[in-house]
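**Student:** Fold the following and give me the result.
(4 chains)
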There are 2 protein chains.
Amino acid sequence: MKYKEAKDKFISTWGSLGSLWGINKAMAQIQALLFIATKPLSMEDIMDELKISRGNTSMNLRQLMDWGIVTKEIIPGERREYFTTEKDVQELARIVAKERSRREIKPVIKILKDVSSIEDDGTKNTKELIKQTKALHELTDTIDLMINKAVNQKQNWLTKSLLKLFK
Amino acid sequence: MKYKEAKDKFISTWGSLGSLWGINKAMAQIQALLFIATKPLSMEDIMDELKISRGNTSMNLRQLMDWGIVTKEIIPGERREYFTTEKDVQELARIVAKERSRREIKPVIKILKDVSSIEDDGTKNTKELIKQTKALHELTDTIDLMINKAVNQKQNWLTKSLLKLFK
DNA sequence: TTAAATTTTCAAAAAATATTGAAAGTTTAT
DNA sequence: ATAAACTTTCAATATTTTTTGAAAATTTAA
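**Tutor:** All right, here's what the predicted structure looks like:
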């Protein structure tokens, strides 16, 4: 496998994996492209490489910036804007975990809390609903706590967590 | 909030959360319904409660069974089939984690390994591609290892993991 | 067997999601 | 201030994913 083929394979694989970390295909592909680039890329560069429209590129770059994964690079003397992504994989994983907690897990925890707090009218069905949503609430809360704890120890969090987990 | 409202809220929330654990809306809703049911439900029951078609119900039940989350219950003397879901949240989390590892993470690890193993032709771009995909490969491998390790200690894995992580 | 009850399959339709491209908006150099 | 360079927005379009429903298949009772 030569460079070009390997590069395309990586970008498309990473793109289709987007769903695993909760972002869409184009977003994941842009990130993948920046991740293996040796210098900041302009919107033009990205459009050309991925064969996607200007609008699409603009919108997805914006989202990547909202996530905190991609940063605008101002190159002195250059008119157009350039972009780079976080290159450290562990830092990347931290950001993604933190954002998904904030965007997706936290809101669900709130609803599980509400649902599991309804008044017990004594019926079997209500009892079961309360019991099961309470269990789910506790689990989700615990997982979220784990993620945030792990994710907040900046340096080498994964290695540290692993060590603890396996010793 | 009364039972009916709480139940509907739970089912729709859990449904839209499906994407977080990698299954579709109907699948997640069926699982949610079974999760708070006080007895096994038939296909008819599920269709009626969720207002979805027979075909949809059949297909998604099958998928849930493939995942190992739902089981067919044979009730003696009854013609139709009844279904139940795993009621223990930790066991549920274990199954989901294990399946996602097998279905989604493992195949990506293979590709990352292939891409990061291309021959170094000495160019800057190739060097960067190799370096970055290698880092990603290591990270993904580590995370997958963690998941599988955690997931294989059956009893109370989450509690155990948490304790280790925070002490 | 046969036929009624039930489930599965799958092509077509609907719904949800992503993408385009051109007009409107911004920024910067002069 | 003007206009060229560039970016953003968003309605229309295309693509992907999900859902439907009716025909085919299967199972069971008699």
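**Student:** buried ones in stretch A:63-70?
**Tutor:** By neighbour count with 16 or more other C-beta atoms under 10 Å in any protein chain shown, stretch A:63-70 contains the buried residues A:Q63, A:L64, A:W67, A:I69, A:V70. C-beta: built from backbone N, CA, C; applies to glycine.
**Student:** so how far is DNA strand C from the residue nearest to the spatial centre of chain A?
**Tutor:** Nearest to the geometric centre of chain A sits A:V96, at 3.1 Å (C-alpha atoms, centre = their mean). According to C-beta to the nearest atom of the strand, to the nearest Å, A:V96 and DNA strand C sit 16 Å apart.
**Student:** got it, and A:T140?
**Tutor:** Using C-beta to the nearest atom of the strand, A:T140 is found at 21 Å from DNA strand C.
**Student:** Now that residue: which helix or strand?
**Tutor:** In this assignment (DSSP states H and E), A:T140 forms part of helix A:124-152.
**Student:** Around DNA strand D, which positions in chain A sit nearby?
**Tutor:** Neighbours of DNA strand D within chain A, by C-beta under 7 Å from any atom of the strand: A:S42, A:M43, A:E44, A:R54, A:G55, A:S58, A:M59, A:L61, A:R62, A:R79, A:R80, A:E81.
**Student:** Just name the closest of these to A:L139, please.
**Tutor:** A:R62 (34.1 Å; C-beta to C-beta).
**Student:** check which helix or strand covers that closest one.
**Tutor:** With DSSP H and E as the criterion, A:R62 is inside helix A:54-67.
**Student:** Pull the residues that contact that helix.
**Tutor:** Under the contact criterion C-beta atoms under 8 Å, 6 or more residues apart in numbering or on different chains, helix A:54-67 has outside partners A:23-24, A:26-27, A:30-31, A:43, A:46-47, A:50, A:70-72, A:83, A:85, A:95-96, A:99.
**Student:** Let's see that with 7 Å instead.
**Tutor:** In this structure, residues lying in contact with helix A:54-67 by C-beta atoms under 7 Å, 6 or more residues apart in numbering or on different chains are A:26-27, A:30-31, A:43, A:46-47, A:70-72, A:83, A:95, A:99.
**Student:** who wins for most neighbours among those residues?
**Tutor:** With neighbours set by other C-beta atoms under 10 Å in any protein chain shown, the maximum within these is found at A:I30, which has 30 neighbours.
**Student:** Within the helices and strands, which one has that one?
**Tutor:** Going by DSSP H and E, A:I30 is in helix A:25-35.
**Student:** Give the partner strands of the helix or strand just after that helix in its sheet and their orientations.
**Tutor:** Next helix or strand after helix A:25-35 toward the C-terminus (DSSP H and E): strand A:41-42. Strand A:41-42 has the following strand partners under DSSP bridges: strand A:82-85 (antiparallel).
**Student:** Produce a ChimeraX select command limited to the buried residues of the residues of chain A next to DNA strand D.
**Tutor:** Only the buried entries of the residues of chain A next to DNA strand D go into this ChimeraX selection, using 16+ other C-beta under 10 Å:
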select /A:42,43,61
